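*Asks:* Sequence first, predicted coordinates after that:
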Amino acid sequence: MMLFGISLLYGAIGNLSFDWVSSHLQANPLTILAFAFILSGFAFKMSIVPFHLWTADVYEGSPVAVTNYLSVISKGSVIFIFITVIYSVFGGLKDAWLYSIGILSILSMTIGNLFAMRQQNIKRLLAFSSITQVGFVLVGIAGASKMGITSAVYFILIYMLSNVAAFGVVGAISDSADKETLSSYKGLYKTNPFYALILALSLFSLAGIPPTAGFFGKLFLLTAGISSGMYFLLAAAAVNLVFSLYNYLRVVRIMFIEEAVESLPKIEKNFALSLALIICIFGILAIGFISPIYNFIDSISLN
């Protein structure tokens, strides 16, 4: 789809240089059709609804290390490229794509949250969580401003740290006990308090609960979204923040409150994994309060 969109764009413009396309782009049916195909290609890679249908099955069926890579490195890099393309190349079509991005954002946040409520597998739950988080990123992108770019990149940094920590714990439990269902996490705090605390903090960050950096990330995304004037989008984001709380706190309740008939055995700590998890948690707790990080991203963002 993306390649077909690029070919249509070349047929309409005659050149694929970012600067050339940006300066010669006109809002006619052919260029809008080209953009629709290119957007669809990006949406598939970013797991934006309705191009998300592959995500949960692939996350569940892949080894945890592969799932972690897909949810963090692959998705994060595609979002960076998407931001560059939509602002640098298709900025002149803002009136055409602004509401499209808003609708895709609402669909991704809502469908991701609703389907996450039904999941009993931790990897599938995190898959729909990643769909929801991309929906929130689109709120910032829909702001169509420099702050929108900065807040989206800032949030992706926080999302990457949070997801690496979450999947790190899931991987440790899967490798040692071969358990991935939510019910198997009952009483995890009693037998493995270190992993339970790491997973809880990463879920708090994904939910946007202060004082984690995820709170500041979503705050900046919503602030950037205000500049677009699409208040229905902000209302939908506010409602989905509540849904997200339910999904993430459900896992925390299972680990800390619910009693297990057969608890997971104590998992022997791996030094490299433990160090990586501690670094991620330090980033989750510190990034929100280290303002030079946000200022640096803002200084290198596209004007």
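*Replies:* Alright, I've got the coordinates.
*Asks:* From here on, just use CA atoms for contacts and neighbour counts.
*Replies:* Noted.
*Asks:* Quick check, residue 189 in contact with residue 200.
*Replies:* No - at 10.0 Å, residue 189 and residue 200 do not qualify as touching, with contact defined as CA atoms under 8 Å.
*Asks:* Residue 51: what secondary structure?
*Replies:* coil (DSSP: H, G, I helix; E, B strand; the rest coil).
*Asks:* Give me the neighbour count for it.
*Replies:* By other CA atoms under 10 Å, 17 other residues sit near residue 51.
*Asks:* Quick one: neighbours of residue 27, just the number.
*Replies:* A total of 14 residues lie near residue 27 under the criterion other CA under 10 Å.
*Asks:* Please verify my assumption that it contacts residue 91.
*Replies:* No - Residue 27 lies out of contact with residue 91 (CA under 8 Å); the separation is 10.9 Å.
*Asks:* so for the longest helix along the chain, what's the average pLDDT?
*Replies:* In the chain, assigned by DSSP state H, the helix with the most residues is helix 146-177. Model confidence over helix 146-177, given as mean pLDDT, is 87.
*Asks:* Can you name the element that comes right after that helix?
*Replies:* On the C-terminal side of helix 146-177, the nearest following helix or strand under DSSP states H and E is helix 188-191.
*Asks:* re earlier: give me the helices and strands touching the longest helix of the chain, please.
*Replies:* helix 64-69, helix 75-88, helix 122-141, helix 193-207, helix 213-226, helix 271-286, helix 291-300 (3 or more CA pairs under 8 Å, 6 or more residues apart in numbering; DSSP states H and E).
*Asks:* of those helices, which approaches residue 167 most closely?
*Replies:* Taking CA to CA, helix 64-69 is the member of these nearest to residue 167, at 6.0 Å.
*Asks:* buried stuff in the longest helix of the chain?
*Replies:* Along helix 146-177, the positions that meet the burial threshold by neighbour count (16 or more other CA atoms under 10 Å) are 146-174.
*Asks:* Check stretch 12-32 too.
*Replies:* Of the residues in stretch 12-32, those buried by neighbour count under the rule 16+ other CA under 10 Å are 12, 13, 21, 22, 25, 26, 30, 31, 32.
*Asks:* so the second one touches residue 24, yeah?
*Replies:* Right, the one you point to is residue 13. Yes - using CA under 8 Å, residue 13 makes contact with residue 24 at a distance of 6.9 Å.
*Asks:* of all the buried residues of stretch 12-32, which comes closest to residue 127?
*Replies:* residue 32 (30.7 Å).
*Asks:* ok, the closest one - contacts?
*Replies:* Contact partners of residue 32, counting by CA atoms under 8 Å, 6 or more residues apart in numbering, are residue 96.
*Asks:* Compute the distance between the spatially closest residue to residue 15 that is not a sequence neighbour and residue 87, please.
*Replies:* Using CA to CA, 6 or more residues apart in numbering and skipping residues adjacent in sequence, the residue nearest residue 15 is residue 21, 6.7 Å away. Spatial separation of residue 21 from residue 87 under the definition CA to CA, to the nearest Å is 12 Å.
*Asks:* How about residue 55?
*Replies:* Counting by CA to CA, the separation of residue 55 from residue 87 is 26 Å.
*Asks:* circling back: in three-state terms, label the residue nearest to residue 15 for me.
*Replies:* Of the three states, residue 21 takes helix under three-state DSSP.
*Asks:* Quick one: low-confidence residue ranges for the chain.
*Replies:* Where the chain drops to pLDDT under 70, the residues are 144, 260-261, 301-303.
*Asks:* Nearest the middle, which residue of it would you pick?
*Replies:* residue 133 (3.5 Å; CA atoms, centre = their mean).
*Asks:* wait, doesn't it sit right on residue 109?
*Replies:* Yes - taking CA under 8 Å as the definition, residue 133 is a contact partner of residue 109 at 7.1 Å.
*Asks:* Give me the buried positions along the helix or strand hosting residue 104.
*Replies:* Mapping residue 104 onto the secondary structure by DSSP H and E places it in helix 94-116. Going by neighbour count (16+ other CA under 10 Å), the buried part of helix 94-116 is 94, 97-98, 101-116.
*Asks:* what sits up against that helix?
*Replies:* Here helix 94-116 makes contact (CA under 8 Å, 6+ apart) with 27, 32, 48-50, 124-126, 128-139, 141-142, 144, 230, 233, 236-237, 240, 243-244, 247.
*Asks:* Other residues contacting stretch 182-196?
*Replies:* In this structure, residues lying in contact with stretch 182-196 by CA under 8 Å, 6+ apart are 120-122, 169, 197, 251, 254-260, 263-267.
*Asks:* Give me the distance from that stretch to the chain's centre.
*Replies:* For stretch 182-196, the distance between its averaged C-alpha position and the chain's averaged C-alpha position is 25 Å (CA atoms, centre = their mean, to the nearest Å).
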